[in-house]
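Enquirer: sequence? don't have it. structure:
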């Protein structure tokens, strides 16, 4: 059991590192950022549950934020969306007992990505008020295109997620990591 827990922590660490890298290499167009840093958070949450989703989302985005921007007054606001995403996706995974219906999962992923976009918009607004950049018109004027990108990205993620989950690990090994004996 100790060996399995060590393996789970190792997978979490690798996913958090991947989250940080994907955040760092995002396409950043000012108030529009296209990133896939949520994928490792989803994988952790869907394999192991809410605690691991929170850990990967929190650590991954914390590392990315520190590397890119340092510690600021709003660092926590930028980390929070992926922490909540990991929590909610992990709770969903537990609720369905880690047996996913692809259509329902796609809907949940789209809702989670919309939540991230909404929270990031709020963070951008607060950040711009504190540091004096971007007007509310600039922030909220691009919200429509940001939502379209968000939904499109969530659909792509939902389509490739089953293959990614298979590539990351054997389902039986993951079940063993969760403590299931079957």
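Expert: Thanks, I have the structure now. From a predicted model like this one, the values you see are computed outputs, not experimental measurements.
Enquirer: thought residue 153 was touching residue 34?
Expert: Yes. With contact defined as CB atoms under 8 Å, residue 153 reaches residue 34; the gap is 7.0 Å. All C-beta spots, glycine's among them, are computed from the backbone N, C-alpha and C.
Enquirer: more neighbours: which of the two?
Expert: Shown here are residue 153 and residue 34; by other CB atoms under 10 Å, residue 153 has more neighbours (20 against 13).
Enquirer: any idea how far that one lies from residue 143?
Expert: 15 Å (CB to CB, to the nearest Å).
Enquirer: what do you get for residue 65?
Expert: From residue 65 to residue 143 the distance is 22 Å (CB to CB).
Enquirer: how long is stretch 128-145 from one end to the other?
Expert: One end of stretch 128-145 to the other measures 19 Å (CA to CA, to the nearest Å).
Enquirer: list the buried residues of that stretch.
Expert: Going by neighbour count (16 or more other CB atoms under 10 Å), the buried part of stretch 128-145 is 128, 134, 139, 142.
Enquirer: likewise stretch 153-172?
Expert: Neighbour counts using 16+ other CB under 10 Å place 153-154, 157-158, 161, 165, 168 of stretch 153-172 among the buried residues.
Enquirer: strands of the chain, start to end?
Expert: Counting by DSSP state E, the chain has strands at residues 27-28, 33-34.
Enquirer: determine which stretch of those is the most buried.
Expert: Mean neighbour count (mean count of other CB atoms under 10 Å) peaks for strand 33-34 among these, with a mean of 14.
Enquirer: if we can go back for a sec, now the strands of the chain as TSV including distance to residue 57 and mean pLDDT?
Expert: TSV is the format used below for those (distance: least, CB to CB, whole Å; pLDDT from 0 to 100):
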stretch	distance to residue 57	mean pLDDT
strand 27-28	19	88
strand 33-34	16	90
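Enquirer: how about those strands, which one is nearest residue 74?
Expert: Closest of the strands of the chain to residue 74 is strand 33-34, at 14.9 Å (criterion: CB to CB).
Enquirer: if we can go back for a sec, closest to residue 110 out of the buried residues of stretch 153-172?
Expert: residue 154 (4.2 Å).
Enquirer: quick check: that closest one vs residue 13, distance?
Expert: Note on residue 154: its distance to residue 13, by CB to CB, is 26 Å.
Enquirer: with residue 102 instead?
Expert: Distance from residue 102 to residue 13, by CB to CB: 28 Å.
Enquirer: neighbour count: these two, which is higher?
Expert: More neighbours surround residue 13 than the other of residue 102 and residue 13, with 14 against 11 (other CB under 10 Å).
Enquirer: what sits closest to that one if chain neighbours are left out?
Expert: residue 59 (8.0 Å; CB to CB, 6 or more residues apart in numbering).
Enquirer: what about the one you found, neighbour count?
Expert: 20.
Enquirer: same check, this time on residue 60
Expert: Residues lying near residue 60 (other CB under 10 Å) number 30.
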